[in-house]
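*Asks:* Take a look and give me a structure for this.
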Amino acid sequence: MKWSFLLFFSIVFLIYGLINYYLLLRGWQAMEQAPQYKKWLVFLFLFFSLSFIAGRFLENIRLSFASDALIWIGSFWIAAMVYFLMSVLLIDLIRIADYYFHFLPAWINENRPFAKWIAFLIVIGTVTLTVVAGRINALSSQVTHLDFNISKNAGARTSLHAVMVSDIHLGTIIGRARLSALIGEIGALKPDIVLFAGDILDEDLGPVIRQDLGSMLREIRAPLGVYGINGNHEYIGGVEQATAYLSSNSITMLRDTAVLIDSSFYLVGREDLSINRFAGKNRKLLSEIVRGIDTSKPLILMDHQPYNLQEARDNDVDLQLAGHTHHGQLWPFNFITEKIYEISRGYKIIDNTRYYVSSGFGTWGPPIRLGSRPEIVSMRIAFKKVRN
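*Replies:* Numbering: from 1, shown residues only. Below you'll find the model as predicted:
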């Protein structure tokens, strides 16, 4: 497992380095009109591109303002890098096409240094505005309201108001301010039960403990309780420590278990698919978890990654809740997640099972969102009594 991690991160760093080298090279070439600024380009490029790595390195030694600042700068750079790469590739494709078809105005070819400098400035301005817009969007959460029926007996309970949130990613980037906003919005909805569908924590517990985010989590109130499951990021950061921390702060963590809530409905929480890769274990089959329970009662399932949706239908699940996808988080990656997952985001009914995949509340990596907004899901479920 150690060698597989080393290989994975080596490949990631190699790709990251090559992309940044390519962007620096193209930026250097574009500054023929203004050579006096080239040394500043190199300095800023090295600073921005190495900030995230340096910040994470410092974070592992000692949490500090410097490590936080570098992680923030580096996180924004990752977003900018994506859109710089897209812009430069587009320009290069146009140049290649013009080489064969000669469609660009003559003045561009006659004034190449000036044209490249103008293109350089336009790209910087466009990417900067894109990142700013993405940051504003990442701070603008929305509540998605769902109303639907489940045709099963829920004892004395005829309805349920559940609030689900996934992918908060608490840590250096998603800290006290964003968590306070989330808690306020949950409180305003006055739910019967709160469900956290994985990736509550980003990775490392250090920034979470330093900001004492656990004391804020304890402020969340719901008559039927607050329940959560592990996502892949709890496993990346150390699942046992993550689970212990969340459990100690008033979140009931479900780990391949089913619980009967209010003698009315069952809530099932599955371990994340990452359990095999990070813990060397296999999670239970859903059929094992629900074996012996009364399936005439409503059955709600939380499973962080929306894979193998058929399994829920095979086991009489009425509602499955998931996250993980972020719906790509950055445009145009949403087109990729739509190809990978049967449901990348939103509500879908297949046979008698309802599914909701949330685009999540927080961010991972770049602290911006383009193509989806941070989401809190408010579900009002009516239970229909069925005569025997």
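
*Asks:* Then Ala30 would be within a helix, right?
*Replies:* Yes - using DSSP: H, G, I helix; E, B strand; the rest coil, the assignment for Ala30 is a helix.

*Asks:* Kindly tell me how buried Val259 is, as a neighbour count.
*Replies:* Residues lying near Val259 (other C-beta atoms under 10 Å) number 14. Placement of C-beta: from N, CA and C, glycine included.

*Asks:* Surely it is within a strand?
*Replies:* Yes - membership of Val259 in a strand is supported by three-state DSSP.

*Asks:* Quick check: pLDDT value at it.
*Replies:* Looking at Val259, its pLDDT stands at 97.

*Asks:* Please name the nearest non-neighbouring residue to it.
*Replies:* Among residues not flanking Val259 along the chain, Leu267 sits closest, at 5.5 Å (C-beta to C-beta, 6 or more residues apart in numbering).

*Asks:* need the contact list for Leu217.
*Replies:* For Leu217, the contact set (C-beta atoms under 8 Å, 6 or more residues apart in numbering) comprises Leu179, Val226, Leu246, Asn249, Ser250, Ile251.

*Asks:* Out of these, name the ones that lie in helices.
*Replies:* Among the contacts of Leu217, the ones falling in helices (DSSP state H) are Leu179, Leu246.

*Asks:* who wins for most neighbours among the contacts of Leu217?
*Replies:* Leu246 (25 neighbours).

*Asks:* which residues of the protein fall in strands?
*Replies:* 142-150, 159-165, 193-196, 226-228, 252-253, 257-261, 265-269, 299-302, 319-322, 346-350, 353-357, 375-383 (DSSP state E).

*Asks:* Now do the residue nearest to Val259: how many residues are near it, please.
*Replies:* Neighbourhood size, Leu267 [other C-beta under 10 Å]: 25.

*Asks:* got the contact list for it?
*Replies:* So Leu267 contacts Ile193, Leu195, Tyr227, Leu254, Ala258, Val259, Ile261, Ile300, Met302 (C-beta under 8 Å, 6+ apart).

*Asks:* now that we have those residues, which one has the most neighbours?
*Replies:* Counting neighbours by other C-beta under 10 Å, Ile300 leads the contacts of Leu267 with 26 neighbours.

*Asks:* So, low pLDDT: which residues of the stretch 51-200 of the chain?
*Replies:* By pLDDT under 70, the stretch 51-200 of the chain has no low-scoring segment.

*Asks:* switch the cut-off to 90
*Replies:* 56-57, 59-65, 99, 102, 106-110, 155 (pLDDT under 90).

*Asks:* Verify the stated contact: Arg56 with Ile71.
*Replies:* Yes - with contact defined as C-beta atoms under 8 Å, Arg56 counts as touching Ile71 (6.6 Å).

*Asks:* Look at the two and report which has more neighbours.
*Replies:* Higher neighbour count among Arg56 and Ile71: Ile71, with 23 against 16, using other C-beta under 10 Å.

*Asks:* Name all residues that make contact with Tyr367.
*Replies:* That one is not Tyr; residue 367 is Pro. Trp72, Ser75, Phe76, Ala79, Arg135, Ala138, Ile173.

*Asks:* 10 Å - rerun?
*Replies:* Applying C-beta atoms under 10 Å, 6 or more residues apart in numbering to Pro367 gives the contacts 71-72, 75-76, 78-79, 131, 134-135, 138-139, 169, 172-174, 178.

*Asks:* give me the number of residues near Leu224?
*Replies:* Going by other C-beta under 10 Å, the residues that sit close to Leu224 add up to 18.

*Asks:* next one: the one 10 residues further on
*Replies:* Summarising burial for Glu234: neighbours were counted as other C-beta under 10 Å, giving 30.

*Asks:* what's the spacing between the residue nearest to Tyr227 when sequence neighbours are not counted and Gly206?
*Replies:* Of all residues beyond its chain neighbours, the one nearest Tyr227 is Thr252 (4.9 Å), with distances taken as C-beta to C-beta, 6+ apart. Look at Thr252 and Gly206: by C-beta to C-beta, to the nearest Å, they are 24 Å apart.
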